[in-house]
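**Q** compute the structure for the input listed below.
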Amino acid sequence: MGTMARALRPVTRVWPVLPQGTSRGHPLRPARLLRRAGLRARMRVADVGCGTGAFTVPAAVIVGPVGRVYAVDISEDLLRTLRERVDAQGLRQIATVAATPAAIPLPDVFVDLAILAFVLHEAADPVALAREVARILIPAGRVLLLEWEKRETPAGPPVRDRLTPEGSEVVLRDAGFITIDRFAPGADRYGILAVREPLVLGRPVPRDLDVV
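**A** Residues are numbered from 1 along each chain as shown. Below you'll find the model as predicted:
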């Protein structure tokens, strides 16, 4: 397993967990963005830095009962909250995964899509985090990156902590990604869709992973 030493640092991300089958009410309409990224039924997706699951739940609805969503976070409290809510909704295709600041505990070449929603700017080492995301993606797998514009806005982190779109693209490029789309998902935010260069990492793709 690859490492991303000191790439992640603790942070509190509290997004609303929405009713099954809808992302109505969230300002970014996550289901719309996930479909734009190419998410379809039966796929595997990793929501890295999932928080309370604003993108996890819509992703689970899209991939359906045969797909799989790995909700990854370093906060066990947030994962516990998410687990309780998705259990209540009967979304058994969601597995919560407790990461560490050093690594995402998923196998190589394992998921079709990774989500980095307002997470990259929080990383102590953004390139290391992006490389770890590249490691878990299948060849030609995609990452959906969402971030705050680097300017004063009514909400969001301090401007000094933000990345410009160009800066985020450099991080992704250094991690082995090719940008295929850049867009504005909502006010004061930007989105980047990038594809992992099709380099074979040398391990067979596991067909299942038991994570709770």
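
**Q** which non-adjacent residue is nearest the residue lying farthest from the centre of the chain?
**A** Going by C-alpha atoms, centre = their mean, the residue of the chain most distant from its centre is E152, 24.5 Å out. Excluding its sequence neighbours, the residue lying closest to E152 (C-beta to C-beta, 6 or more residues apart in numbering) is V159, at 6.0 Å. All C-beta spots, glycine's among them, are computed from the backbone N, C-alpha and C.

**Q** the helices in this structure, which residues?
**A** 30-36, 56-63, 76-89, 126-136, 165-174 (DSSP state H).

**Q** redo those helices as JSON lines? Include distance to R189 and mean pLDDT.
**A** Formatted as JSON lines, the helices of the chain follow (distance: least, C-beta to C-beta, whole Å; pLDDT from 0 to 100):
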{"stretch": "helix 30-36", "distance to R189": "10", "mean pLDDT": "97"}
{"stretch": "helix 56-63", "distance to R189": "17", "mean pLDDT": "97"}
{"stretch": "helix 76-89", "distance to R189": "21", "mean pLDDT": "95"}
{"stretch": "helix 126-136", "distance to R189": "17", "mean pLDDT": "96"}
{"stretch": "helix 165-174", "distance to R189": "10", "mean pLDDT": "98"}
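
**Q** out of those, which is the most enclosed?
**A** helix 56-63 (a mean of 26; mean count of other C-beta atoms under 10 Å).

**Q** can I get the helices of the chain in JSON lines with distance to W148?
**A** Shown next, in JSON lines, are the helices of the chain (distance: least, C-beta to C-beta, whole Å):
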{"stretch": "helix 30-36", "distance to W148": "15"}
{"stretch": "helix 56-63", "distance to W148": "20"}
{"stretch": "helix 76-89", "distance to W148": "20"}
{"stretch": "helix 126-136", "distance to W148": "14"}
{"stretch": "helix 165-174", "distance to W148": "11"}
